[in-house]
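Peer 1: only geometry, no sequence info:
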């Protein structure tokens, strides 16, 4: 019985290390979400009473969170109570920022860009025409970049990563 529990625990850990993490930003369809494939999905939605709400779908149920409520309450409490907070004397040197920058760069390199698309309209047809050669160059060599004449601005981003790649970025020099 113990071996079965240990095997199931090992399979669960293995699954959590290799499950795809997906980040999607699509301003055209107003989809903004972060998904852990098969486990949870957190999406940002608009609400009638609040400005923003977060919908969390996990294990066949969904919950709603209103993040701006806690920020507004916290601001009111800090205005009422002005406590003196001790500051640490340790200063961050350039070596600290350099180290954090290297780790952040390694983590960013672990992400796979599945889709990156930008479509812009400046509102001026002459500026759009001047941007058209730049857009053609960027579209050919870097990512999908378009200039349109329809008063439509759009950004589409689809990133995929796995937790094991992020952990490897921390461990490997």
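Peer 2: Cool, the structure landed. This structure is a prediction, so every number in the text was calculated from the model and none was measured.

Peer 1: any idea which helix or strand comes after the helix or strand containing residue 35?
Peer 2: Here residue 35, judged by DSSP states H and E, is contained in strand 31-36. Sequence-wise, the next helix or strand beyond strand 31-36 is strand 40-46, with elements assigned using DSSP H and E.

Peer 1: circling back: what does the strand holding residue 35 rub up against?
Peer 2: By CB atoms under 8 Å, 6 or more residues apart in numbering, the list of residues contacting strand 31-36 from outside reads 19-26, 41-44. Placement of C-beta: from N, CA and C, glycine included.

Peer 1: nearest residue to residue 172 other than its sequence neighbours?
Peer 2: The spatially closest residue to residue 172, leaving aside those adjacent along the chain, is residue 106, at 7.8 Å (CB to CB, 6 or more residues apart in numbering).

Peer 1: ok, now how distant is residue 141 from residue 36?
Peer 2: Counting by CB to CB, to the nearest Å, the gap between residue 141 and residue 36 amounts to 33 Å.

Peer 1: So between these two, which is more surrounded?
Peer 2: Between residue 141 and residue 36, residue 36 has the larger neighbour count (other CB atoms under 10 Å), namely 15 against 8.

Peer 1: From residue 159, how far off is that one?
Peer 2: Distance, residue 36 to residue 159, by CB to CB: 13 Å.

Peer 1: try residue 134
Peer 2: From residue 134 to residue 159 the distance is 25 Å (CB to CB).

Peer 1: For residue 50, pull up the helix or strand it's in.
Peer 2: Under the assignment here (DSSP H and E), residue 50 is part of no helix and no strand.

Peer 1: worst-scoring helix or strand of this structure, pLDDT-wise?
Peer 2: In the chain, no helix or strand scores lower on mean pLDDT, DSSP states H and E than helix 67-80, which sits at a mean of 66.

Peer 1: Quick check: closest non-adjacent residue to residue 64.
Peer 2: Nearest non-adjacent residue to residue 64 (CB to CB, 6+ apart): residue 53, at 5.3 Å.

Peer 1: Tell me which stretches of the chain form strands.
Peer 2: For the chain, strands defined by DSSP state E occupy the ranges 21-26, 31-36, 40-46, 52-58, 61-65, 112-120, 144-147, 154-161.

Peer 1: now the angle between strand 61-65 and the third one, please.
Peer 2: The one in question is strand 40-46. For strand 40-46 against strand 61-65, the angle by axes from the mean of the first three to the mean of the last three CA atoms, to 10 degrees is 40 degrees.

Peer 1: Would you mind pulling up the elements that strand 40-46 packs against?
Peer 2: If contacts are counted by 3 or more CB pairs under 8 Å, 6 or more residues apart in numbering; DSSP states H and E, strand 40-46 sits against strand 31-36, strand 52-58.
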